[in-house]
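Chemist: coordinates for the following, if possible.
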Amino acid sequence: MCKTQSPINLNETDDGQMSWCPGCESYSLVYRSACVSFYRHELDQFVETLNALTPDNFCYDFKDQPHAIIRGSSSYVGLCLNRNDVYALRSLIRGALTVHEAYKILHSNS
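Modeler: Numbers count the residues shown, from 1 in each chain. This is a model prediction of the structure:
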């Protein structure tokens, strides 16, 4: 996020929040204790990764639940997500992008 404009909160749940910065046009996703920033093409890739997860990807046992680990292509840091986390993130992002589209439509005429 940049310092020129305040981010706009697009969606919020008990476990997460997603906002968009009109200054640098980046998205900020906070989920539980993780925070990740994306440009739109990176967010689209992240959503594709979430959508492409198969049962075989949930092979890391943590707290008696199967988890998948998602890492960026050049990162040693990743997210450890169970199936419920994946569903929650997809829903959070989908809702945020819907609000963002409505925001763009409403502000395109001003």
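Chemist: only C-alpha atoms for contact and neighbour calcs from this point on.
Modeler: Will do.
Chemist: helices or strands up against the lengthiest helix in the chain?
Modeler: Determined from DSSP state H, the single longest helix within the chain is helix 83-108. In terms of contacts (3 or more Cα pairs under 8 Å, 6 or more residues apart in numbering; DSSP states H and E), helix 83-108 is packed against strand 8-12, strand 16-21, helix 40-52.
Chemist: residues in contact with the closest residue to G23 other than its chain neighbours?
Modeler: Leaving aside its chain neighbours, G23 sits nearest to Q5 (5.5 Å; criterion: Cα to Cα, 6 or more residues apart in numbering). Neighbouring residues of Q5 by Cα atoms under 8 Å, 6 or more residues apart in numbering: C21, P22, G23.
Chemist: out of these, grab the one that's most surrounded.
Modeler: Highest neighbour count within the contacts of Q5: C21, with 18 neighbours (other Cα atoms under 10 Å).
Chemist: for S108, give me the pLDDT.
Modeler: For S108, the model assigns a pLDDT of 84.
Chemist: okay, and the beta partners of the residue nearest the centre of the chain?
Modeler: Most central in the chain under Cα atoms, centre = their mean is L29, positioned 4.7 Å from the mean C-alpha point. Counting by DSSP bridges, L29 forms beta bridges with M18, V36.
Chemist: check contacts around it.
Modeler: Per Cα under 8 Å, 6+ apart, neighbours of L29: G16, Q17, M18, S19, C35, V36, S37, F38.
Chemist: closest one of these to I105?
Modeler: S19 (17.0 Å; Cα to Cα).
Chemist: residue contacts, that closest one?
Modeler: Residues near S19 by Cα under 8 Å, 6+ apart: P7, I8, N9, L10, N11, Y27, S28, L29, A96.
Chemist: can you pull the pLDDT of the closest residue to the fifth one other than its chain neighbours?
Modeler: Distances taken as Cα to Cα, 6+ apart put A96 closest to N11, at 4.8 Å, once the chain neighbours are dropped. Reading off the confidence values, A96 has pLDDT 98.
Chemist: hang on, the earlier thing: just the contacts of L29 now: which is nearest D64?
Modeler: Closest to D64 out of the contacts of L29 is G16 (22.8 Å), distances taken as Cα to Cα.
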